[in-house]
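Student: Got a predicted structure plus its sequence, pasted below:
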Amino acid sequence: QLQVVESGGGVVQPGGSLTLSCAASGFTLDAYSMGWFRQAPGNERRGISCINHNGDNRLYIDSVKGRFTISRDSSKNTVYLQMTNLQPEDTAIYYCTALPKYGPTKSSCPWVALSSWGLGTQVTVAS
């Protein structure tokens with residue numbers, strides 16, 4: 001069974017930074033693309049970034065582009081989301097998931113979750 005565990009969330013002030021981690025188990029990262037989603041209070045879960053199976057294609061939604069960086073470390077079977085210049089609108093529970101290996105195109109991520117949803121990690125941005 002494909003499972004993930006997210007960690008690294010916390011409470012930060014506007015302009016602060018956090019790095020989230022997503023540890024994969026039951027599968028090898030190299031066999032999948034990976035994505036990060038977030039769900040703000042009262043909203044649906046939404047994909048925000050993806051990285052393809054070998055790391056040479058990374059995509060972001062417009063609202064996080066230039067502030068967030070997705071990366072992967074196959075040796076640790078872990079995906080990361082480095083977040084800088086955090087704003088109150090970034091407050092949400094953040095989730096990661098495995099995506100179809102060859103799904104990402106030049107401009108879009110394949111928002112098809114192939115792993116079980118973890119508990120997520122809470123990010124709160126407040127002064």
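Tutor: Sure, I can see it. Numbers count the residues shown, from 1 in each chain.
Student: Next up, the contacts around the most centrally placed residue in the chain.
Tutor: Centroid-nearest residue in the chain, with Cα atoms, centre = their mean: Trp36, separated by 2.3 Å. By Cβ atoms under 8 Å, 6 or more residues apart in numbering, Trp36 lies in contact with 20, 22, 47-50, 70, 79, 81, 94-96. No exception for glycine: its C-beta is placed from N, CA and C like everyone else's.
Student: Please repeat the previous calculation with a cut-off of 6 Å.
Tutor: Listed by Cβ atoms under 6 Å, 6 or more residues apart in numbering, the contact set of Trp36 reads 48-49, 81, 96.
Student: That one pairs with what?
Tutor: Judged by DSSP bridges, the bridge partners of Trp36 are Ser49, Cys96.
Student: Serialize the contacts of Trp36 to CSV and add fields for neighbour count and pLDDT.
Tutor: Listed next are these as CSV, based on neighbours: other Cβ atoms under 10 Å; pLDDT from 0 to 100:
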residue, neighbour count, pLDDT
Ile48, 24, 98
Ser49, 23, 98
Leu81, 27, 98
Cys96, 30, 97
